[in-house]
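Engineer: Sequence first, then the predicted structure, then my questions.
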Amino acid sequence: MPHSTGSNIEVHKLSPPPGSSIDFGAEIRGLDLENLSDADCAAIRKALYENSVILFKNQQNLTPRAQYEITKLFDPAADSYGHGKTLDAKRSILHPDLKTIPHQPQVQVIGNGFVESFEGLSNITLKHPHHKTFHSTSISDEEDRDNTRFYRWHIDAALYALHPPKATSLLAVSVPQSAPQTLHYTSDGSGDTLQVPRGSTAFSSSYTTYDLLSPADQHFARTTKVQYAPHPYIWMSSARSRPDGLGLESTGLELPESSLPPIDPALIQTLPMCWKNPVTGRLALQIHPSAVQKLVLEDGTVIDDLEEVRAIVHRLQRPGIAPELVYAVDWQEGDFVIFDNRGVLHSVTGSFLDEEVRVFRQCNMAASEPPLGPED
């Protein structure tokens, strides 16, 4: 049943599809997003932190400025794009995937295909990320149209110099419709599978992932810190992902520090393994599995063997991306989604033909403060 939160907002919990046990996600109704009252803004903020992912339908006319302002609700002091100058680094794995809107530089354009004109950009070619460019193995070309994988489970964050954004928003401007795909977790097709709409964005709750841990693992997660690699998206640019998209294979392909841009040790990020929800107080096991380099344990011991670090992180996170726990958005034009970037992981899925044009707007901003830890 919908419930009101003191403004005109109605919060409708998402109904899980058959076989799903997701307990997050909500559709928000009753608001004009271009004209929000203070009560509306407070209600949106509360709804996000209570539901992790919130959806507004039929927002085709939402302006980039309004998208920026709504995303900024969660951190009024934030203003610069969440990945900073990452896009300027040609070797970054993020470089091909985003274009910046000239008149609203906090908002990026992502998608697929050639676009003649959009929001001040002209003759741009967008490329939907495909797992074959990042995974150690890939689905054959013959099977690619009907099958897919999680491209990369991640947090939207630079993870060097800048604090991770609190929220990310996505607006579906143009969405090619086509048949669903079977998503595979393993390279040989013998493991878990999930039916997903083509090009779905997949979400998993890091709060649920923490709750699934044993008491001993919960203590480990609460008391361990994660050190991320300097310039992580360049550092990992030659490495390759596991088939489930949850972290990298350890084959020694990461770039050495001598091949990275200059490193300021003070800007390397060491963050809690668990982040606290500022409204509910729940703990999220929130780790970017591809960018992690070291673990700092409760007694100060540092685990710096990369293969061991990745094995530990994968063991802790993998239960949280089980098929029944993944929310795969079935995008429709005009869908506007905001997600708790400090409480969920997300991943691109799917593949499109060159002639299939898909246009999305994305907005997130480097936060004005670090995540809350378990003791905060």
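Structural biologist: Right, received. Where do you want to start?
Engineer: So which residues of the stretch 151-300 of the chain form helices?
Structural biologist: For the stretch 151-300 of the chain, the helices defined by DSSP state H, counting those that start in this stretch occupy 206-212, 215-223, 232-235.
Engineer: wait, residue 293 sits on residue 228?
Structural biologist: Yes: applying Cβ atoms under 8 Å as the test, residue 293 and residue 228 come out as touching, 6.1 Å apart. In this view, the C-beta of every residue, glycine as well, is placed from N, C-alpha and C.
Engineer: what comes up buried for stretch 242-252?
Structural biologist: For stretch 242-252, burial by neighbour count (16 or more other Cβ atoms under 10 Å) applies to 242-250.
Engineer: okay if I get those residues as a markdown table plus distance to residue 122?
Structural biologist: Conversion of the buried residues of stretch 242-252 to a markdown table gives the following (distance: Cβ to Cβ, whole Å):
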| residue | distance to residue 122 |
| --- | --- |
| 242 | 39 |
| 243 | 38 |
| 244 | 38 |
| 245 | 33 |
| 246 | 38 |
| 247 | 38 |
| 248 | 36 |
| 249 | 39 |
| 250 | 43 |
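Engineer: Residue 122: which of the helices of the stretch 151-300 of the chain is closest?
Structural biologist: Nearest to residue 122, of all these, is helix 232-235, at 26.9 Å by Cβ to Cβ.
Engineer: pLDDT averaged over that closest one - what is it?
Structural biologist: Looking at helix 232-235 alone, the average pLDDT works out to 95.
Engineer: Could you do stretch 180-194 as well?
Structural biologist: Per-residue pLDDT values over stretch 180-194 give a mean of 94.
Engineer: In PDB, could you pull the C-alpha coordinates for that stretch?
Structural biologist: C-alpha atoms of stretch 180-194 as PDB (Å, rounded to 0.1, in the frame of the first residue of the first chain):
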ATOM      1  CA  PRO A 180      15.200 -10.000 -22.700                       C
ATOM      2  CA  GLN A 181      18.500 -11.700 -22.200                       C
ATOM      3  CA  THR A 182      19.800 -14.600 -20.000                       C
ATOM      4  CA  LEU A 183      22.500 -13.300 -17.700                       C
ATOM      5  CA  HIS A 184      25.200 -15.800 -16.800                       C
ATOM      6  CA  TYR A 185      27.300 -15.700 -13.600                       C
ATOM      7  CA  THR A 186      29.900 -18.200 -14.900                       C
ATOM      8  CA  SER A 187      32.000 -18.500 -18.000                       C
ATOM      9  CA  ASP A 188      30.700 -22.000 -18.900                       C
ATOM     10  CA  GLY A 189      27.000 -21.400 -18.200                       C
ATOM     11  CA  SER A 190      26.900 -24.000 -15.400                       C
ATOM     12  CA  GLY A 191      26.200 -21.500 -12.600                       C
ATOM     13  CA  ASP A 192      23.400 -19.100 -11.600                       C
ATOM     14  CA  THR A 193      21.400 -17.300 -14.300                       C
ATOM     15  CA  LEU A 194      19.000 -14.400 -14.300                       C
END
